[in-house]
Every structure is written in structure tokens, then in C-alpha cells.
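Enquirer: only the shape, not the letters, is given here:
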């Protein structure tokens with residue numbers, strides 16, 4: 001059963017949870033800035049979800065969502081890095097015989 005204080009978690013209660021959850025993320029070896037960003041995203045998600053579906057354990061919910069956001073950010077960064085490496089590994093385009101059409105297009 002969910003008690004009334006959990007159901008009516010307000011901004012002050014969320015602010016009180018932040019240091020504890022952030023400390024837990026950093027203790028796990030996460031970069032402070034990345035952990036802080038992930039926790040902010042988790043707080044936004046909490047404000048969206050909790051009014052209709054309050055969690056039984058708010059700190060655990062925030063830590064779980066923030067951890068998932070960190071994993072998502074790492075995966076996104078790794079994918080971006082792979083795309084950049086693949087683009088960099090491609091040979092440069094060959095020079096065209098016709099040359100650049102920019103001047104032609106500007107003066108026509």
C-alpha cells in the first residue's frame with residue numbers, strides 16, 4: 001500500500017532525495033556531471049509519472065531511472081563515435097572533372 005506522503009510528493013520532497021541518489025550514482029563510479037544530468041532527467045520523468053503512478057520507493061525509482069539514462073547516454077555516445085570513425089575511415093571523394101558549380105549557379 002502506498003502512503004499519502006509518497007502519493008503527494010512535491011518539489012521539496014524531490015529536492016530532499018537528490019543528494020542521496022546523486023551520491024549513490026557517483027559512488028558506483030559514475031562521472032559526477034553525467035550522473036547529475038541523468039538524475040535531472042529522472043526528476044523530470046518523476047514529475048511526469050508520479051502524480052498518476054507514485055512509486056513505493058522513490059529513491060530507488062530515481063536511482064533506477066537515472067542509471068538507465070546513464071546507460072542510454074553511454075550507448076548514444078558510443079554509437080556517435082562509431083559513426084564518426086566510419087566516416088573518417090572512408091576515402092575522400094574524388095575530384096570531379098567538371099569542377100565546382102557554385103560560381104556558375106551564382107551568376108546564372
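Expert: Cool, got the structure. Everything quoted here is computed from the prediction, not taken from an experiment. Numbering: from 1, shown residues only.

Enquirer: give the rounded mean pLDDT of stretch 38-51.
Expert: On average, the pLDDT along stretch 38-51 is 93.

Enquirer: and that stretch, what's buried?
Expert: Within stretch 38-51, the residues scored as buried using 16 or more other CB atoms under 10 Å are 38-39, 41-43, 45-46, 50. Just so you know, the C-beta spots here come from the backbone N, C-alpha and C atoms, and that holds for glycine as well.

Enquirer: check stretch 15-24 too.
Expert: Neighbour counts using 16+ other CB under 10 Å place 17-18, 21-22, 24 of stretch 15-24 among the buried residues.

Enquirer: among these, which lie within helices?
Expert: 17-18, 21-22, 24 (DSSP state H).

Enquirer: tabulate these in a markdown table, adding columns for pLDDT.
Expert: Listed next are these as a markdown table, based on pLDDT from 0 to 100:
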| residue | pLDDT |
| --- | --- |
| 17 | 91 |
| 18 | 94 |
| 21 | 95 |
| 22 | 95 |
| 24 | 94 |
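
Enquirer: in TSV: these, plus distance to residue 76.
Expert: Rendered in TSV, the data for those read as follows (distance: CB to CB, whole Å):
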residue	distance to residue 76
17	26
18	24
21	22
22	21
24	23
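
Enquirer: pLDDT-wise, which helix or strand of the protein ranks last?
Expert: In the chain, no helix or strand scores lower on mean pLDDT, DSSP states H and E than helix 4-7, which sits at a mean of 50.
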